[in-house]
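Trainee: Turn this into a model:
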Amino acid sequence: MSTGTKPSPLDSMIANMPEKTGKSLEEWVGLLGPVGTRKHGELMKVLKGDHGLSHGYANLVAHTARDSMPSNDKPDDPVATQYAGKEALKPVYDALIAAVSAFGGDVEIAPKKAYVSLRRAKQFALIQPTTKSRVDVGIKLKDVEPGDRLEASGSFNSMVTHRVRTANVHDIDDELKAWLKTAYDSAG
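Mentor: Below is the predicted model:
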């Protein structure tokens, strides 16, 4: 009987990539060559259109290729721009991305100018560093009443129905992950 921990969905996806796509993650990233200022959408188009990768695998390769660039080579990186002067909040963003990435290989992380859109077949959430001390998580939940922590989105963002205010990684708890998972499941 195994006592090891179960690999995360992301780890499983990376391990299965050679069998499913014919190449390892490193080989796919290498195939793209220097990413330079190419945008995520352009990389996705090449990987899906020219190489026939599924959306989930293309998204993983595109993010890995972009993330492997030195930060000073990413002048058009909206996430770096969003957290400039708010560096203490970047671990909150990283924890949120890790949590939603575990939902499945079809999570698309789409940085915009002021926030990061989290999509499946459609947007289900967003992450926005609203102040120097707070990251707001917008969540699209149908027929869910707002509460103390799960606020109505109000004027925050019309693309979501609710907002949860977070200040540190401890705020990324099971309750918030469950709301995000419900929204993810509804977006498929």
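
Trainee: Grab the nearest non-local neighbour of residue 104.
Mentor: Take residue 104 and drop its neighbours on the chain: the residue closest to it by C-beta to C-beta, 6 or more residues apart in numbering is residue 9, 6.2 Å away. C-betas here are computed from N, CA, C, even on glycine.

Trainee: same question but for residue 119, I mixed them up
Mentor: residue 108 (4.2 Å).

Trainee: Do you know the pLDDT at that neighbour?
Mentor: pLDDT recorded at residue 108 is 92.

Trainee: what about it, neighbour count?
Mentor: 18 (other C-beta atoms under 10 Å).

Trainee: How much space separates it from residue 56?
Mentor: 9 Å (C-beta to C-beta, to the nearest Å).

Trainee: Same question for residue 33.
Mentor: 22 Å.

Trainee: More neighbours: those two, which one.
Mentor: In this view residue 33 and residue 56 are compared by other C-beta under 10 Å, and residue 56 has more residues nearby, 16 against 9.

Trainee: Let me know the secondary structure of the spatially most central residue of the chain.
Mentor: In the chain, the centroid-proximal residue (C-alpha atoms, centre = their mean) is residue 109; its distance is 3.7 Å. Look at residue 109: counting by DSSP: H, G, I helix; E, B strand; the rest coil, its state is strand.

Trainee: mind checking which helix or strand the residue lying closest to residue 29 once chain neighbours are set aside is in?
Mentor: Distances taken as C-beta to C-beta, 6+ apart place residue 65 nearest to residue 29, at 4.7 Å, with adjacent residues excluded. Assigned by DSSP states H and E, residue 65 belongs to helix 55-67.

Trainee: for residue 97, same thing?
Mentor: Here residue 97 is assigned to helix 90-101, by DSSP H and E.

Trainee: Kindly report the same for residue 18.
Mentor: helix 9-21.

Trainee: can you list contacts of that helix?
Mentor: Residues from elsewhere that reach helix 9-21 (C-beta atoms under 8 Å, 6 or more residues apart in numbering): 7, 23-25, 28, 53, 56-57, 60, 101-105.

Trainee: let's see 7 Å
Mentor: For helix 9-21, contacts defined as C-beta atoms under 7 Å, 6 or more residues apart in numbering pick out 24-25, 53, 56-57, 60, 101-102, 104-105.
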